[in-house]
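Colleague: I'll drop the sequence and a predicted model, then ask my questions.
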Amino acid sequence: MIVAFSISPSGTGRADGSVSEAVAAAVAVVRASGLPNRTSSMFTEIEGDWDEVFDVVKRATAAVEPFGSRISLVLKADIRPGHEGELDGKIARLESALGRADRDADG
(Lines give C-alpha, C1' and ligand atoms only; values in the text may rest on other atoms or scores of the structure.)
Protein backbone atom coordinates (compact mmCIF):
# COMPACT_ATOMS: atom_id res chain seq x y z
CA MET A 1 0.00 0.00 0.00
CA ILE A 2 1.00 3.59 -0.55
CA VAL A 3 -0.10 6.28 1.85
CA ALA A 4 0.21 9.97 1.07
CA PHE A 5 -0.12 12.11 4.15
CA SER A 6 0.40 15.59 5.49
CA ILE A 7 0.78 16.49 9.15
CA SER A 8 0.67 20.07 10.35
CA PRO A 9 0.40 21.63 13.79
CA SER A 10 -1.69 24.67 14.60
CA GLY A 11 -1.57 26.86 17.65
CA THR A 12 2.20 27.10 17.25
CA GLY A 13 2.45 30.64 18.55
CA ARG A 14 4.80 31.53 15.69
CA ALA A 15 4.12 34.94 14.19
CA ASP A 16 5.28 33.83 10.74
CA GLY A 17 3.08 30.69 10.75
CA SER A 18 5.99 28.46 9.70
CA VAL A 19 5.64 24.76 10.42
CA SER A 20 8.89 23.63 8.77
CA GLU A 21 10.49 22.41 12.01
CA ALA A 22 7.42 20.34 12.87
CA VAL A 23 7.25 18.89 9.37
CA ALA A 24 10.97 18.09 9.54
CA ALA A 25 10.39 16.14 12.76
CA ALA A 26 7.67 14.08 11.05
CA VAL A 27 9.71 13.48 7.91
CA ALA A 28 12.70 12.38 10.00
CA VAL A 29 10.53 9.62 11.49
CA VAL A 30 9.46 8.52 8.01
CA ARG A 31 13.02 8.46 6.66
CA ALA A 32 14.30 6.56 9.69
CA SER A 33 11.63 3.88 9.13
CA GLY A 34 13.53 2.39 6.21
CA LEU A 35 10.34 2.12 4.16
CA PRO A 36 10.32 3.53 0.63
CA ASN A 37 9.22 7.17 0.82
CA ARG A 38 9.34 10.54 -0.86
CA THR A 39 8.42 14.01 0.29
CA SER A 40 7.13 16.85 -1.87
CA SER A 41 6.04 20.37 -0.97
CA MET A 42 2.62 19.18 0.19
CA PHE A 43 2.72 15.46 1.08
CA THR A 44 4.93 12.62 2.16
CA GLU A 45 4.34 9.24 0.53
CA ILE A 46 5.34 5.98 2.16
CA GLU A 47 5.01 2.38 0.94
CA GLY A 48 4.72 -0.82 2.93
CA ASP A 49 2.19 -3.09 4.51
CA TRP A 50 -0.74 -1.75 6.50
CA ASP A 51 0.73 -2.17 9.98
CA GLU A 52 4.17 -0.81 9.05
CA VAL A 53 2.83 2.26 7.28
CA PHE A 54 0.28 3.20 9.91
CA ASP A 55 2.83 2.72 12.70
CA VAL A 56 5.09 5.23 10.94
CA VAL A 57 2.22 7.68 10.42
CA LYS A 58 1.33 7.38 14.10
CA ARG A 59 4.92 7.99 15.19
CA ALA A 60 5.30 10.91 12.75
CA THR A 61 2.14 12.45 14.18
CA ALA A 62 3.54 12.05 17.70
CA ALA A 63 6.73 13.81 16.59
CA VAL A 64 4.66 16.88 15.67
CA GLU A 65 2.80 17.05 19.01
CA PRO A 66 5.36 19.30 20.77
CA PHE A 67 5.01 21.96 18.05
CA GLY A 68 1.41 23.03 18.61
CA SER A 69 -1.76 22.66 20.56
CA ARG A 70 -3.56 20.92 17.68
CA ILE A 71 -2.56 18.65 14.78
CA SER A 72 -4.13 18.22 11.37
CA LEU A 73 -3.56 14.92 9.56
CA VAL A 74 -4.63 14.46 5.94
CA LEU A 75 -4.23 10.94 4.58
CA LYS A 76 -4.93 9.15 1.30
CA ALA A 77 -4.22 5.44 0.79
CA ASP A 78 -3.83 3.27 -2.31
CA ILE A 79 -4.45 -0.25 -1.05
CA ARG A 80 -3.44 -2.78 -3.70
CA PRO A 81 -2.60 -6.19 -2.22
CA GLY A 82 0.16 -8.13 -3.92
CA HIS A 83 1.89 -5.11 -5.42
CA GLU A 84 5.22 -3.71 -4.28
CA GLY A 85 7.50 -1.04 -5.70
CA GLU A 86 4.52 1.05 -6.73
CA LEU A 87 5.92 4.27 -5.29
CA ASP A 88 8.27 4.34 -8.28
CA GLY A 89 6.29 2.01 -10.56
CA LYS A 90 3.29 4.32 -10.83
CA ILE A 91 5.54 7.23 -11.80
CA ALA A 92 7.41 5.13 -14.38
CA ARG A 93 4.12 4.10 -16.02
CA LEU A 94 2.95 7.70 -16.07
CA GLU A 95 6.19 8.90 -17.66
CA SER A 96 5.96 6.12 -20.23
CA ALA A 97 2.39 7.11 -21.08
CA LEU A 98 3.42 10.73 -21.38
CA GLY A 99 6.25 9.74 -23.72
CA ARG A 100 3.77 7.89 -25.91
CA ALA A 101 1.42 10.86 -25.86
CA ASP A 102 4.28 13.18 -26.88
CA ARG A 103 5.26 10.85 -29.76
CA ASP A 104 1.63 10.58 -30.90
CA ALA A 105 1.28 14.37 -30.84
CA ASP A 106 4.43 14.77 -32.95
CA GLY A 107 2.84 12.60 -35.60
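Modeller: Great, that's in hand.

Colleague: which neighbouring elements make contact with the biggest helix by length in the chain?
Modeller: In terms of residue count, the longest helix belonging to the chain (DSSP state H) is helix 86-106. Contacting helix 86-106 under the criterion 3 or more CB pairs under 8 Å, 6 or more residues apart in numbering; DSSP states H and E are the following elements: strand 2-10, strand 44-47. Any C-beta I mention is one placed from the backbone N, CA and C, and that applies to glycine too.

Colleague: save these as JSON lines, and put in mean neighbour count, mean pLDDT and distance to S18 too.
Modeller: Rendered in JSON lines, the data for the helices and strands packed on helix 86-106 read as follows (neighbours: other CB atoms under 10 Å; pLDDT from 0 to 100; distance: least, CB to CB, whole Å):
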{"stretch": "strand 2-10", "mean neighbour count": "19", "mean pLDDT": "95", "distance to S18": "11"}
{"stretch": "strand 44-47", "mean neighbour count": "22", "mean pLDDT": "98", "distance to S18": "18"}
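
Colleague: select, out of the ones you listed, the one closest to E65.
Modeller: The minimum distance between E65 and those falls on strand 2-10, with 7.8 Å, by CB to CB.

Colleague: just checking: what are the partner strands of the closest one?
Modeller: Sheet partners assigned to strand 2-10 using DSSP bridges are listed as strand 44-47 (antiparallel), strand 70-78 (antiparallel).

Colleague: which ones are touching the residue most central in space within the chain?
Modeller: When CA atoms, centre = their mean is applied to the chain, the residue found nearest the centroid is T44 (1.8 Å). Residues touching T44, when contacts are defined by CB atoms under 8 Å, 6 or more residues apart in numbering, comprise 4-6, 26-27, 30, 37-38, 60.
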